[in-house]
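[1] below is the structure, and that's it, no one-letter string:
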């Protein structure tokens with residue numbers, strides 16, 4: 001029984017020590033925990049920036065085109081230190097369509113920067129083949145039609161009016177729904 005009391009007494013003497021150690025470690029680590037700039041707030045800032053940029057650019061003022069964009073998802077595990085100043089955003093490419101990147105920079109006391117990919121697409125009514133068309137075939141009204149297509153990646157150009165192509169001959173075959 002005495003041995004049992006001694007063991008219990010030792011544990012009771014150790015318990016305050018362990019409690020104090022646990023309390024000290026909690027206080028120390030909480031001092032080192034720092035606020036972060038959340039990935040969601042960075043993504044929202046990029047979204048607002050690109051939206052404003054497109055509204056200022058002539059692309060959005062072209063009533064024939066519909067513009068859409070997608071900001072890439074930022075890793076939710078990203079832990080950027082909280083920024084003491086407002087974020088600085090800058091588009092890195094001269095082009096406005098396709099895949100671009102936006103530099104997001106914090107110039108505060110804990111500076112950092114990341115690049116966020118954004119895809120900007122333009123859609124427009126363009127002349128397409130209503131049926132498969134042969135090379136050197138003369139175009140007539142029933143063979144072509146207007147269809148909305150993504151034009152941001154059409155490197156060879158396109159026509160936006162059926163009247164522009166009527167009576168012309170094709171230099172290459174065009175599949176059904178292919179852009180003329």
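    Alright, I've got the coordinates. Everything quoted here is computed from the prediction, not taken from an experiment.
[2] show me where pLDDT drops low in this structure?
    1-34, 58-63 (pLDDT under 70).
[3] residue contacts, the most centrally placed residue in it?
    Computing the C-alpha centroid of the chain and ranking residues by Cα atoms, centre = their mean puts residue 71 first, at 1.7 Å. Shown in contact with residue 71 (Cβ atoms under 8 Å, 6 or more residues apart in numbering): 43, 46-47, 50, 116-118. Placement of C-beta: from N, CA and C, glycine included.
[4] give me phi/psi at it?
    phi -90, psi 130 (degrees, to the nearest 10).
[5] residue 126 against residue 147, yeah?
    Yes: in this structure, residue 126 is within contact of residue 147 by Cβ atoms under 8 Å, at 6.6 Å.
[6] the two: which is more packed in?
    Using other Cβ atoms under 10 Å as the criterion, residue 126 and residue 147 rank with residue 126 on top: 21 against 15.
[7] please name the residues that touch the more buried one.
    146-149, 151, 154, 158-160, 179-180 are the contacts of residue 126 under Cβ under 8 Å, 6+ apart.
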